[in-house]
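*Asks:* for reference, the sequence and a predicted model appear below.
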Amino acid sequence: MTMVTHKGGCHCGAVQFEVDAPRSIKAIRCSCSICSMTGFVHYFATQDEFRITAGSDNLTEYRFNTGVAKHLFCKSCGVKAFYVPRSHPDGWSVNVNCIDKTAVDDITYGDFDGANWEDNIQGLRGTKD
């Protein structure tokens, strides 16, 4: 699978990132409370595939429940463009809605029942893209 570097960021542009991913992205929609409320659509990346390129000092953090997930929001516009997920704590989840689509050929969507996380997580843990 050929990887390309996708660029993205928050709404105001203060926080920017790059992620190495295929041109055809396989995204995951989650039904948990925070993903549903924020409209977050996941693309999972490893530590090596993801880079914050601007605005790391403009991020604020929110943790809840188990405290494992590290939700990061732009302090200026409030957008969560990426975070460290509980399901992949050694990597990143990038919000597909925040990726510049110029290097994207297509996006396919799958669904994850995050509202019932404990019952379904084993199927998601093997998901890389």
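*Replies:* Happy to help now that I have it.

*Asks:* centre of the chain to stretch 112-123, how far?
*Replies:* The gap between where stretch 112-123 is centred and where its chain is centred comes out at 17 Å by CA atoms, centre = their mean, to the nearest Å.

*Asks:* mind listing what's buried along that stretch?
*Replies:* Applying a neighbour-count criterion of 16 or more other CB atoms under 10 Å, one finds 112, 114, 117, 120 buried in stretch 112-123. To be clear about C-beta, it is placed using only N, CA and C from the backbone, and glycine gets the same treatment.

*Asks:* which SS class is the third one?
*Replies:* Using DSSP: H, G, I helix; E, B strand; the rest coil, the structure places Trp117 in helix.

*Asks:* quick one: it from Glu49, how far?
*Replies:* Noted for Trp117: a distance of 24 Å to Glu49, by CB to CB, to the nearest Å.

*Asks:* and the closest residue to Asp111 other than its chain neighbours, how many neighbours does it have?
*Replies:* Using CB to CB, 6 or more residues apart in numbering and skipping residues adjacent in sequence, the residue nearest Asp111 is Arg29, 5.2 Å away. If you count neighbours by other CB atoms under 10 Å, Arg29 ends up with 16.

*Asks:* show the pLDDT at Val84.
*Replies:* Looking at Val84, its pLDDT is 97.

*Asks:* from His11, how far off is the closest residue to it other than its chain neighbours?
*Replies:* The spatial neighbour of Val84 that comes closest, neighbours along the chain excluded (CB to CB, 6+ apart), is Lys70 at 4.0 Å. Here the distance between Lys70 and His11 works out to 20 Å (CB to CB).
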